[in-house]
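Enquirer: could you look at this predicted model? Sequence included:
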Amino acid sequence: YMGIFSMKIWKEVFKKLSNYIWEIAPMKGFDMKVSAKVYATENMLNSILRDQTIKQLIQVTSLPGIVGSAYAMPDAHQGYGFPIGGVAATSYPDGCISPGGIGYDINCGVRLLASSIPKKDVIPYLSELSKNIMTAVPFGVGKKAKNSFGSGSVDELLEKGVQWAIKKGLGYQEDMECIESNGVFPNADPSKIPEKIRQKADRQLGTIGSGNHFVEIGIVEKVYDEITAAAYGLKKDQITILIHTGSRGLGHDTATAYINIMKSAAKKYNIVLPDQQLACAPLSSNEGSDYFKAMCAAGNFAFVNRQVITTKIREVWEKQFGTEDKLRLVYDVAHNIAKIEDHKVDGVTKRLIVHRKGATRSFGPGHKDIPMQYRKVGQPVLIPGSMGNPSYVLVGNNSSMDQTWGSCCHGAGRLLSRTAARKSFPGKALQEEMKKKGVIVKTNEVGELGEEAPGAYKDIEDVVSVVSNTNLAQKVVKLTPLAIAKQTFSLSTKTVSYTHLTLPTSDLVQISVGAVTLKKK
């Protein structure tokens, strides 16, 4: 039924609450239990309307137990189930939990490290550092790490998160204090992840993956809030490192397994949904509880993955600059997760199941879940820009608690599909363009680099402007990239494995998926 609406009609359905907030009130025939709200300028809203983002957001409003509104952040774009950049909360414990509201890359997140080495001593070695980081940290689809932690270690790391890593000597005790939830989701139960999926953990730990995941060496170009920057230990011209990755194949396969379980559960509990991608179950049900425990375990894997990568980067750094600089962990934040949190609903504090998909926490000063050293100023909010563009460190505030369940955007947000981006931005030319700007880009797949071109994403300045103008968070510092290590998705490998690909048994079958054509005789 969504298809009958043109962009023009959608624009007429929206109520403009401010220059940056748009609302669709519940409409007859759409089973909307709450309103849908979009945080965007009018120009950004026009771009959002080009795909299925608004359709997906409206469908989210039909989830059992949803409260408040369904929210789309300024970086929102079409996803699976929820739009990426989508936020929704359901009542605890009988409201639903939906894997489509978390995403396949469970606890995909961003980590910020800060160096004490002067920029003049780092810049001459940028190319060498990038190359050494790519050697130390496996990049790309299917890349495996050479780990051997023992059979019992996998379940322990899935249960204990970064606690396990610190015990193994992979980092410092103070690292845990600067990670969301101290680097461990306490409800994790490794047994809820199928054993064949858990077996992947050992060889995936300490790997980046592909797509928009990266390691970026940057510099603090501008300070907007001196007091908060000082609290975060950041200052102008300081060298920083951003790490963006998640739970890799383990998280993806866990999500896939439970999406199928949830489809059956929805029928079992007589849950009628406008889209099977929103398959869900009450958190209090066996299926909902099992998924939540599995999600937490996969989330712990992602925390440990970023911790192991940090350790490898620290080793590269130490080899180049000595032991003086430990590369201090500023903060690590998740942006694909569901959490049990207390929020005010119509003035009354209630416990909620908050889904954040491509969205991050943005908690204000005084919140008990903020590290003690940051509690007076508020939580660090990390918003990376597209490749070659600036990233931002912001600070959360209590206004976001009232507006969006303490949530903010997680990045720039896609404008073009990967296929369209590759056609529009040839990889080699893009790499040369980055070089002219003074940004070194290291990758093993130059031809695929165009999918992560700055032009494939929204303008990070516009996105951050919406965030600050709506008071979801405020700018602290601006980071400019100096060198980027990444691996884009490539189909050039000789063998590609597909988990759920079924081909008919006819003599010749051709299936087109985007720009890829698969043939079977």
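Expert: Received it, and whenever you're ready, just let me know what you need.

Enquirer: where does the stretch 151-300 of the chain have low pLDDT?
Expert: Across the stretch 151-300 of the chain, the ranges flagged by pLDDT under 70 are 151-152.

Enquirer: residue boundaries of the helices in it?
Expert: Using DSSP state H, counting those that start in this stretch, the helices found in the stretch 151-300 of the chain span residues 151-160, 162-167, 173-177, 195-198, 201-204, 226-232, 248-268, 286-321.

Enquirer: of these, which is nearest Ile383?
Expert: With respect to Ile383, and counting by CB to CB, the nearest of these is helix 226-232 at 14.2 Å. For glycine as for every other residue, the C-beta is placed from the backbone atoms N, C-alpha and C.

Enquirer: just the CA coordinates of the closest one, formatted as CSV?
Expert: As requested, the backbone C-alpha atoms of helix 226-232 are provided in CSV (Å, rounded to 0.1, in the frame of the first residue of the first chain):
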residue,chain,number,x,y,z
GLU,A,226,37.4,23.7,25.1
ILE,A,227,36.0,22.5,28.4
THR,A,228,34.5,19.3,27.1
ALA,A,229,37.5,18.7,24.8
ALA,A,230,39.8,18.9,27.8
ALA,A,231,37.6,16.4,29.7
TYR,A,232,38.0,14.0,26.7
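
Enquirer: elements contacting it?
Expert: Using 3 or more CB pairs under 8 Å, 6 or more residues apart in numbering; DSSP states H and E, the elements in contact with helix 226-232 are strand 391-396, strand 473-486.

Enquirer: by mean pLDDT, show me the worst of those.
Expert: Least confidently modelled of the helices and strands packed on helix 226-232 is strand 473-486, at a mean of 93 by mean pLDDT.

Enquirer: that strand - contacts with which helices or strands?
Expert: Applying 3+ CB pairs under 8 Å, 6+ apart, one finds that strand 473-486 makes contact with helix 126-136, strand 214-223, helix 226-232, strand 239-245, strand 391-396, strand 440-442, helix 460-469.

Enquirer: and the next element down the chain from the strand or helix carrying Asp402?
Expert: Counting by DSSP states H and E, the secondary-structure element that holds Asp402 is helix 398-404. Scanning forward in sequence from helix 398-404 by DSSP H and E, the next helix or strand is strand 407-409.

Enquirer: helices or strands up against that next one?
Expert: Strand 407-409 makes packing contacts with strand 66-77, strand 359-361, strand 380-383, helix 460-469 when contacts are defined by 3+ CB pairs under 8 Å, 6+ apart.

Enquirer: quick one: average pLDDT of the third one?
Expert: This points to strand 380-383. Per-residue confidence for strand 380-383 averages out to 98 on the pLDDT scale.

Enquirer: wait, Pro26 touches Met32, no?
Expert: Yes. The pair formed by Pro26 and Met32 meets the contact definition of CB atoms under 8 Å, at 3.8 Å.

Enquirer: between those two, who's got more neighbours?
Expert: Set side by side, Pro26 and Met32 show more neighbours around Met32, with 21 against 14, by other CB atoms under 10 Å.

Enquirer: quick one: residues contacting Gln238.
Expert: Residues counted as contacts of Gln238 (CB atoms under 8 Å, 6 or more residues apart in numbering) are Ala114, Ser115, Lys119, Ile219, Val220.

Enquirer: scratch that, Asp342
Expert: For Asp342, the residues meeting the contact criterion (CB under 8 Å, 6+ apart) are Thr349, Lys350, Arg351, Leu352.

Enquirer: which of the helices or strands spans the last one?
Expert: Leu352 belongs to strand 348-357 when assigned by DSSP H and E.

Enquirer: how about that strand: buried residues?
Expert: Neighbour-count burial for strand 348-357 flags Leu352, Ile353, Val354, His355, Arg356, Lys357 (criterion: 16 or more other CB atoms under 10 Å).

Enquirer: related to what we said a few turns ago, what about the helices of the stretch 151-300 of the chain, which gets the closest to Asn469?
Expert: Ranking the helices of the stretch 151-300 of the chain by their distance to Asn469 (criterion: CB to CB) puts helix 226-232 first, at 18.1 Å.

Enquirer: quick one: contacts of that closest one?
Expert: Outside of helix 226-232, the residues that reach it under the criterion CB under 8 Å, 6+ apart are 223, 235, 330-331, 373-374, 376-378, 380, 393, 395, 476-477.

Enquirer: try 6 Å
Expert: Counting contacts by CB atoms under 6 Å, 6 or more residues apart in numbering, the residues outside helix 226-232 that touch it are Val223, Val330, Val377, Pro380, Val395, Val476, Val477.

Enquirer: may I ask you to confirm that the second one belongs to a helix?
Expert: To tie it back to what came earlier, the one meant is Val330. No. Secondary structure of Val330, determined by DSSP: H, G, I helix; E, B strand; the rest coil: strand, with no helix assignment.

Enquirer: was I right about it contacting Ser115?
Expert: No. The pair Val330 and Ser115 does not pass the contact test of CB atoms under 6 Å, sitting 10.7 Å apart.

Enquirer: can you tell me which of the contacts of Gln238 is nearest Asp253?
Expert: Ranking the contacts of Gln238 by separation from Asp253, with CB to CB as the measure, puts Ala114 on top at 34.0 Å.

Enquirer: and the helices of the stretch 151-300 of the chain: which comes nearest Cys408?
Expert: Distances from Cys408 to each of these were compared using CB to CB; the minimum, 15.1 Å, belongs to helix 226-232.

Enquirer: and the closest one, what's buried?
Expert: For helix 226-232, burial by neighbour count (16+ other CB under 10 Å) applies to Thr228, Ala229, Ala231, Tyr232.

Enquirer: also stretch 285-300?
Expert: Taking 16+ other CB under 10 Å as the neighbour-count basis, stretch 285-300 is seen to contain the buried residues 285, 287-300.

Enquirer: how far does it sit from its chain's centre?
Expert: With CA atoms, centre = their mean, to the nearest Å as the basis, stretch 285-300 stands 18 Å off its chain's centre.

Enquirer: what do you get for stretch 371-391?
Expert: Average the C-alpha atoms of stretch 371-391, do the same for its chain, and the two points are 14 Å apart (CA atoms, centre = their mean).

Enquirer: check stretch 314-325 too.
Expert: For stretch 314-325, the gap between its own C-alpha mean and the chain's C-alpha mean amounts to 28 Å (CA atoms, centre = their mean).

Enquirer: over to stretch 402-411?
Expert: Counting by CA atoms, centre = their mean, stretch 402-411 comes out at 13 Å from the chain centroid.

Enquirer: so for that stretch, mean pLDDT?
Expert: According to the model, stretch 402-411 has a mean pLDDT of 96.

Enquirer: just the buried residues of it, please?
Expert: Residues Gln403, Thr404, Trp405, Gly406, Ser407, Cys408, Cys409, His410, Gly411 are the ones in stretch 402-411 that count as buried (16+ other CB under 10 Å).
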